[in-house]
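1. Provided below are the primary sequence and the corresponding predicted coordinates.
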Amino acid sequence: MPPLPPDNAEDATEAAPTADPFSVSDQLPIRFISKCCKGFGRGSKDLGIPTANVSKDDVSCTISVDSLPTGIYWGYARIGDNEASSAPSPDATEGSLGRTFITAVSIGYNPTYGNEEKTIEPHLIAPTDHPKRHSSSCNETLLQDFYGETIRLSVVGYLRPELPFEGLEKLTLAIKKDITDAERLGRSTNDTLAVREKAWVQGKDTSVHMS
């Protein structure tokens, strides 16, 4: 999957050296099975873009977490079991559990905040007709908390490197563009890799390794 050019880079301060995006793409897809855990709370509180943070404890991943290439990606994610998607939803999230979502995924250290610990933070993008699709403070998807739920995540394509932005406004605008790019690619990409990875996320295979 060829990477998109980082056309928002002019709004960022000078970034640390990053891996060649084509080399990063050679490592994709990357699959995860883990639990959702609490993050720093910045996605919802500071930016209005909540994430379903992937726990690094007892995570199954196709490569080691320490070796994960940093950057912004797109892919697919499902939280909870497929059976949950048919259950009544008391909080009007229209069956978010068990449903497969296109995701924009941040892997790295959030250089705007200067984190010391690598995090894996997928933002689940609801369909345009979903009641929660534009309900966050910056008009993005806002679903319920998923703490402790199982997450299946496949990182399919590379969007851009991590960049330190000058202020939360520029960071938010960059992430909103990432969401737009992820949604477009997630809906329009029908190559063998994307179809296979979406099927794996939707399925019940407990192995992250590709046969």
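-> On my side now, so go ahead. Residues are numbered from 1 along each chain as shown.
2. Downstream of the helix or strand hosting residue 77, the next helix or strand is which one?
-> Using DSSP states H and E, the element containing residue 77 is strand 71-79. Using DSSP H and E, the helix or strand that follows strand 71-79 in sequence is strand 100-108.
3. and the angle from that following strand to strand 71-79?
-> 140 degrees (axes from the mean of the first three to the mean of the last three Cα atoms, to 10 degrees).
4. Which strands or helices does the helix or strand following strand 100-108 pack on?
-> Next helix or strand after strand 100-108 toward the C-terminus (DSSP H and E): strand 119-125. For strand 119-125, the packing partners by 3 or more Cβ pairs under 8 Å, 6 or more residues apart in numbering; DSSP states H and E come out as strand 71-79, strand 100-108, strand 150-160, helix 168-188. C-beta coordinates here come from the backbone N, C-alpha and C atoms, glycine included.
5. Report the mean per-residue pLDDT for the strand holding residue 77.
-> Computed over strand 71-79, the mean pLDDT rounds to 97.
6. What angle do strand 119-125 and that strand make with each other?
-> Using the same axes, to 10 degrees: strand 71-79 against strand 119-125 is 60 degrees.
7. Tell me the buried residues in strand 71-79?
-> 71, 72, 73, 74, 75, 76, 77, 78, 79 (16 or more other Cβ atoms under 10 Å).
8. With stretch 189-203 instead?
-> Applying 16+ other Cβ under 10 Å to stretch 189-203 flags 189, 194, 197, 198, 200, 201 as buried.
9. Using a markdown table, please lay out those together with secondary structure and pLDDT.
-> Output for the buried residues of stretch 189-203, formatted as a markdown table (DSSP: H, G, I helix; E, B strand; the rest coil; pLDDT from 0 to 100):
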| residue | secondary structure | pLDDT |
| --- | --- | --- |
| 189 | coil | 92 |
| 194 | helix | 96 |
| 197 | helix | 97 |
| 198 | helix | 97 |
| 200 | helix | 97 |
| 201 | helix | 97 |
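10. related to what we said a few turns ago, of the helices and strands packed on strand 119-125, which is nearest residue 47?
-> Comparison of the helices and strands packed on strand 119-125 against residue 47 by Cβ to Cβ identifies helix 168-188 as nearest, at 5.1 Å.
11. circling back to that earlier point, ok, which of the helices and strands packed on strand 119-125 comes nearest residue 144?
-> strand 71-79 (9.8 Å).
12. In terms of secondary structure, what does that closest one contact?
-> strand 100-108, strand 119-125, strand 150-160, helix 168-188, helix 192-202.
13. Nearest to residue 139, out of those?
-> Using Cβ to Cβ, the nearest of these to residue 139 is helix 168-188, at 8.3 Å.
14. Hey, what's the angle from that closest one to helix 192-202? Just curious.
-> Helix 168-188 runs at 100 degrees relative to helix 192-202, counting by the same axes, to 10 degrees.
15. Figure out how far helix 168-188 is from the centre of its chain.
-> 11 Å (Cα atoms, centre = their mean, to the nearest Å).
16. average pLDDT for that helix?
-> 95.
17. about what we covered before: can you dump the C-alpha coordinates of the strand holding residue 77 into PDB?
-> Listed next in PDB are the C-alpha coordinates belonging to strand 71-79 (Å, rounded to 0.1, in the frame of the first residue of the first chain):
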ATOM      1  CA  GLY A  71       3.600   6.700  12.300                       C
ATOM      2  CA  ILE A  72       0.000   7.300  11.500                       C
ATOM      3  CA  TYR A  73      -1.900   4.400   9.700                       C
ATOM      4  CA  TRP A  74      -5.300   3.200   8.600                       C
ATOM      5  CA  GLY A  75      -6.900  -0.100   9.100                       C
ATOM      6  CA  TYR A  76      -9.800  -2.000  10.600                       C
ATOM      7  CA  ALA A  77     -10.800  -2.700  14.200                       C
ATOM      8  CA  ARG A  78     -13.500  -4.600  16.100                       C
ATOM      9  CA  ILE A  79     -14.100  -4.400  19.800                       C
END
